[in-house]
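**Q** Compute the structure for the input listed below.
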Amino acid sequence: MTPDMIEAARARISPYIRRTPIISTRPGELGLHHGVALKLELLQYTGSFKPRGAFNRMLAAGDDMPAAGVVAASGGNHGAAVAFAARRLGVQAEVFVPSSSPAMKRDRITSFGATVHVVDGLYDDAQVAATARQAESGALMVHPFDHIDVVAGQGTLAAELDDQLDSYDTLLVASGGGGFTAGQAAWVRDTRKIVSVEPATSRCLHAALEAGTPTPVEVAGLAADSLGARQLGAVSWSIVESFVDAAVLVTDDDIRAAQQILWQELRLVAEPGGAAALAALRSGAYVPEPGERVIVVVCGSNCDPATVTT
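**A** Numbering: from 1, shown residues only. All right, here's what the predicted structure looks like:
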């Protein structure tokens, strides 16, 4: 994975995605002693960063797109992005979702025109079913994190940041299967610090760094639908092991508190996975150095607003 691949992805997908805004806070806001910049990727189409990777995977296929269209497994956000991109590009889409995925996320995928199959279990169980369907139908597999074109597409966020800001020191990113974090790390490389944030109950990137190789973990907790991969992807690992500078963990209580303060002070509805990176700052899981310029990616908004606003 090279920055040139991310530049190519950016050129490919730019007609199809939003350039999402950045807002800056002052010391004392969001319960922090220091100001921070928030990259509001929750305002991306479908309510998460996922269209970046989904569009790049499909567009990169070009004339090799099968007549059967695309197939994917997802806890919800990736499925919505695949369905949205498929509709925009005029191809069929089938999405396999786990029974643990919220009904609201399943309904969102359906609203974009995809055929949805519910599989008993968690994300990895849905991926097994999607892989079997791909072998049967010949459709293009759009994996949520373990394909180089998907990771390159996710890395366009960091490339976009360079256009929006003169400079910064550290980027905090929520991690599930690692594709989003790897994409940012592949662009930033050694020029800035990349910090991965995961729930303590779904920690496959953290476990891979500890073990020196991707290793299975148990998955549970508030953000499991979006950050609940059992094992870090191989493509992600090839980047993470070289360019991710720190991996920190947050609790469900930390995440819930971050969701609530984003609503209370900024009127932003962030899903648990979307608020995880901010939770790392508020909880002290990551403590910036004096003067360190930090960007937090608020990466998803697909949840029942009542769970945040009441």
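
**Q** Within the helices and strands, which one has Lys39?
**A** Using DSSP states H and E, Lys39 sits in strand 37-40.

**Q** Parallel or antiparallel, which strands does that strand pair with?
**A** Strand pairing for strand 37-40, using DSSP bridges, gives strand 22-24 (antiparallel), strand 294-298 (parallel).

**Q** spatially speaking, which residue is in the middle of this protein?
**A** Phe180 (4.9 Å; CA atoms, centre = their mean).

**Q** which residues sit in contact with that residue?
**A** Phe49, Gly53, Phe145, Gln154, Leu157, Val173, Ala174, Cys299 (CB atoms under 8 Å, 6 or more residues apart in numbering). Glycine gets a C-beta too; all of them are placed from N, C-alpha and C.

**Q** Quick check: the fifth one touching Lys50?
**A** No. In this structure, Leu157 sits apart from Lys50 without contact. The criterion is CB atoms under 8 Å, and the distance is 11.1 Å.

**Q** between these two, who's got more neighbours?
**A** Between Leu157 and Lys50, Lys50 has the larger neighbour count (other CB atoms under 10 Å), namely 33 against 26.

**Q** Run through who's touching the helix or strand just after the strand holding Lys39.
**A** Using DSSP H and E, the next helix or strand after strand 37-40 towards the C-terminus is helix 51-61. Helix 51-61 has contacts (CB under 8 Å, 6+ apart) with 9, 12-13, 16-17, 44-45, 65, 70, 72, 78, 81-82, 84-86, 88-89, 91, 140, 142-145, 147, 149-154, 156-157, 179-180, 183.

**Q** Next one: Thr20 relative to Arg293, how far apart?
**A** Distance of Thr20 to Arg293, computed by CB to CB, to the nearest Å: 19 Å.

**Q** Between the two, tell me which one has more neighbours.
**A** Thr20 (20 against 17).

**Q** looking at this protein, which helix or strand does the model trust least?
**A** Every helix and strand of the chain was ranked by mean pLDDT, DSSP states H and E. The lowest is helix 224-227, at a mean of 86.

**Q** quick one: the helices in this protein?
**A** 3-13, 51-61, 77-89, 103-111, 123-137, 148-154, 156-164, 179-188, 204-211, 224-227, 234-243, 252-266, 272-283, 306-309 (DSSP state H).

**Q** Next, format these as TSV and append distance to Ala37.
**A** Output for these, formatted as TSV (distance: least, CB to CB, whole Å):
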stretch	distance to Ala37
helix 3-13	20
helix 51-61	19
helix 77-89	23
helix 103-111	28
helix 123-137	30
helix 148-154	19
helix 156-164	9
helix 179-188	14
helix 204-211	23
helix 224-227	22
helix 234-243	21
helix 252-266	13
helix 272-283	11
helix 306-309	22
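
**Q** which one of the ones you listed lies closest to His34?
**A** Nearest to His34 among those is helix 272-283 (8.5 Å), distances taken as CB to CB.

**Q** What mean pLDDT does the closest one get?
**A** Confidence over helix 272-283 (mean pLDDT, whole number) is 97.

**Q** just stretch 252-261 next, same as before
**A** Here the average pLDDT along stretch 252-261 is 97.

**Q** Read off the pLDDT value for the residue nearest to the centre of the chain.
**A** Phe180 is given a pLDDT of 96.

**Q** again with Gly75
**A** 87.

**Q** How about it: what's its closest non-neighbour residue?
**A** Leaving aside its sequence neighbours, Gly75 sits nearest to Asp225 (CB to CB, 6 or more residues apart in numbering; 4.3 Å).

**Q** again with Gly228
**A** Val219 (4.3 Å).

**Q** Please apply the same query to Ser24.
**A** Nearest non-adjacent residue to Ser24 (CB to CB, 6+ apart): Ala37, at 4.9 Å.
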